[in-house]
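> Here is my input, please return the structure:
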Amino acid sequence: MYFVVRGFDRPGSLDVRMANREAHLAFVKGGPVRLHIAGPLTDGEGQMRGSLLIFEADSEAQLRDWLTGDPYQKAGLFERVEIDAFKWVVGAPDSK
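Presented below is the predicted three-dimensional model:
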């Protein structure tokens, strides 16, 4: 199953994001879930204010459990995290 994960940064937390960025990137590239797309959400001036990722996992529970180890999560970067099941239609890895 595919899942879209959106993490919204706490106000004024760019320093937390930058201090944990390399560890976060290494974390999301490994593990029992497969990362397909990832990148920062930005404001109108290009300032990072959150994250958007698309994962493939066996279940939402598996993904949620795994994400507790994300360095961003551990550092308290996110004000909130939203996870939605996603039916990937256009451009999906298994589409022909």
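
> all contacts plus neighbour counts: C-alpha atoms, from now on.
Noted.

> And the pLDDT at the most centrally placed residue in the chain?
The residue lying closest to the centre of the chain (C-alpha atoms, centre = their mean) is Leu53, at 4.0 Å. Leu53 is assigned 95 on the pLDDT scale.

> Which phi and psi values does it adopt?
Note on Leu53: its backbone torsions stand at phi -140, psi 150 [degrees, to the nearest 10].

> wait, isn't it in contact with Leu35?
Yes - in terms of C-alpha atoms under 8 Å, Leu53 counts as a neighbour of Leu35; the distance is 7.4 Å.

> on that earlier part again, identify the residue nearest the residue nearest to the centre of the chain in space, chain neighbours excluded?
Spatial nearest neighbour of Leu53, chain neighbours left out: Ala38 (4.2 Å); criterion: C-alpha to C-alpha, 6 or more residues apart in numbering.

> can you tell me which residues contact that neighbour?
By C-alpha atoms under 8 Å, 6 or more residues apart in numbering, the contact list for Ala38 reads Ser51, Leu52, Leu53, Ile54.

> and the next element down the chain from the longest helix along the chain?
In the chain, taking DSSP state H as the definition, the longest helix is helix 14-28. Downstream of helix 14-28, the next assigned helix or strand under DSSP states H and E is strand 34-42.

> What strands flank that following strand, and is each parallel or antiparallel?
Paired strands of strand 34-42, with direction, are strand 48-56 (antiparallel) (DSSP bridges).
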